[in-house]
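Quick one, structure for this:
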Amino acid sequence: MGKAGQALKQVLETYGISQNRLAVTMEVRRSNVNRWVNEETDPAADAVLEIRDGLEKLNPDAAEEFIRLYLGR
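Got it, this is the predicted structure:
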């Protein structure tokens, strides 16, 4: 699967953010976040932006790291 799931998994682990906390912040089901993290499905392009926005609310550094990992910078 794609880089978004890998990046998200790493960021959640590094910054101690639970899948449930991100899901609540994003107002999506935790199962969606779980599928992305476990690379069962790739988030759509607009969902990648929503992930970034959700992470930004929880920890701006996590959001920045997610984008950096996702874009491979």
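
All the helices of this structure, in order from the start?
Using DSSP state H, the helices of the chain run over residues 3-15, 19-26, 30-37, 45-58, 60-71.

what's the nearest residue to residue 11 once chain neighbours are set aside in contact with, if anything?
Counting by CB to CB, 6 or more residues apart in numbering, residue 11 lies nearest to residue 66, which is 4.6 Å off, once chain neighbours are set aside. Where you see a C-beta, it was placed from the backbone N, CA and C, and this is true even at glycine. By CB atoms under 8 Å, 6 or more residues apart in numbering, the contact list for residue 66 reads 7-8, 11, 51-52, 55.

Put the buried members of the residues you listed into a PyMOL selection.
Buried residues among the contacts of residue 66 (16 or more other CB atoms under 10 Å), as a PyMOL selection:
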select buried, resi 7+8+11+51+55
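
so which of the contacts of residue 66 comes closest to residue 28?
Using CB to CB, residue 51 is the member of the contacts of residue 66 that lies nearest residue 28, at 9.4 Å.
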